[in-house]
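Participant: Here is my input; please provide its structure:
(2 chains)
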Amino acid sequence: MSDGSAARRSSPTRRIFSVVGEILVTAGLVLLLFVGWQLYWTDVLAARAQADTRDELLLEWNLAPVDDEIKTDINTTVGQPFGLLYVPALGDRSWDIPIVEGTEHSLLSQGVGHHKDTALPGQVGNFAIAGHRTTYGAPFMDIAELQPGDPVIVETKHGWFVYELNNDKIISPNDGWVLDPVPGKSNATPKQKLLTMYACHPMYSAAQRYVWFGELVAEYPRSGGPPPELTRGND
Amino acid sequence: MTDMYAWIWHHLPGPVLLRVLLSIVLTLGAIALLFVWVFPWVETQIEFDNSEVGQPGAASVVDPAAASVVEQSSSAMIVRTVRGVEL
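Facilitator: Model (predicted):
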């Protein structure tokens, strides 16, 4: 460590090295901090924001009169949460995660995003959602570990909707067909109630997307409480 | 500006103990600045987890809806992509 008098005495070359060295060390520390922020701090931020959103949703739903009827034509606003997602096989990461209307980057930090031009939970067509594989709580970190038959449960103000996964695929980011009302059949008229959920692939990259397809197998009114499929895994 | 850290150290007032405390406060302040403002902004700029190709990147960050669904009214065909979605 050179003090002021030493710095004044040192040669210009030494001084340049000293300054460059300081800048490089500082840049290295800032980069390390950025990695820490991205991989750790965004999780903390997302957990906080999602807990608040969850509390607000549950408060609103629980204050509403108990609904004996299942309704799928809910009103959604881009940027606003309208449901909670449970993927028991993914453990805590995908347990009561807010589902937000829209898939903008700023929205995916609040939960999982619903493609706003696709069907809503329980509707005929394709309910398409996207979630982070890494960072911001990473609800779909273990999406590649899921198995056919695993349930994906959606809770809204007017019902519980249970989808069952049936097959997965790794696609290119350009494969927009996964969002079609009938995935892969762009002109088909939908008759089934389908699910598409995807995340980035491979982890820490966005070269591809890991996508799961599923189909609605059960729906329940809110009055009956949580559905039998909602059993928490041992993750 | 030679030796930025040495310069700061010599311009901090008071005895060594106070300078150490002030250095810690300054460091924490710098980290807070990075975490709260700089890093969130940098993230929107680098898009390292967004593999968009041949698409107006800036526009899709602001409004990926426009990028994810391009409606071509002439052919009434809807082209969907999941490109604009950053995960």
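Participant: tell me how far the ends of stretch A:60-77 are from each other?
Facilitator: Start and end residues of stretch A:60-77 are separated by 16 Å (Cα to Cα, to the nearest Å).
Participant: Wait, A:Gln156 touches A:Gly83, no?
Facilitator: Careful, residue A:156 is Thr and not Gln. Yes: contact criterion Cβ atoms under 8 Å: A:Thr156 and A:Gly83 qualify, at 4.4 Å. Any C-beta I mention is one placed from the backbone N, CA and C, and that applies to glycine too.
Participant: Compare those two and say which is more crowded by neighbours.
Facilitator: Remark: of A:Thr156 and A:Gly83, A:Gly83 carries more neighbours, 28 against 23, as counted by other Cβ atoms under 10 Å in any protein chain shown.
Participant: in the sheet, who's paired with that one?
Facilitator: A:Ile99, A:Thr156 (DSSP bridges).
Participant: any idea how far it lies from chain B?
Facilitator: Per Cβ to the nearest Cβ, to the nearest Å, A:Gly83 is found 18 Å from chain B.
Participant: Counting neighbours, which bits of the top helix by length along chain A end up buried?
Facilitator: Longest helix in chain A, counting residues (DSSP state H): helix A:12-36. The neighbour-count check on helix A:12-36 (16 or more other Cβ atoms under 10 Å in any protein chain shown) flags A:Ser18, A:Glu22, A:Leu33, A:Phe34 as buried.
Participant: now do stretch A:211-222
Facilitator: Going by neighbour count (16+ other Cβ under 10 Å), the buried part of stretch A:211-222 is A:Val211, A:Trp212, A:Phe213, A:Gly214, A:Leu216, A:Glu219, A:Tyr220, A:Arg222.
Participant: Could you dump these into TSV with pLDDT added?
Facilitator: Output for those, formatted as TSV (pLDDT from 0 to 100):
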residue	pLDDT
A:Val211	94
A:Trp212	96
A:Phe213	96
A:Gly214	96
A:Leu216	97
A:Glu219	94
A:Tyr220	94
A:Arg222	90
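Participant: Find the pair from the residues you listed with maximum spatial separation.
Facilitator: Largest separation among the buried residues of stretch A:211-222 by Cβ to Cβ: A:Val211 and A:Arg222, giving 29.3 Å.
Participant: Take the buried residues of stretch A:211-222 and write them to a markdown table, including secondary structure and distance to chain B.
Facilitator: Output for the buried residues of stretch A:211-222, formatted as a markdown table (DSSP: H, G, I helix; E, B strand; the rest coil; distance: Cβ to the nearest Cβ, whole Å):
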| residue | secondary structure | distance to chain B |
| --- | --- | --- |
| A:Val211 | strand | 8 |
| A:Trp212 | strand | 13 |
| A:Phe213 | strand | 14 |
| A:Gly214 | strand | 17 |
| A:Leu216 | strand | 21 |
| A:Glu219 | strand | 26 |
| A:Tyr220 | strand | 30 |
| A:Arg222 | helix | 30 |
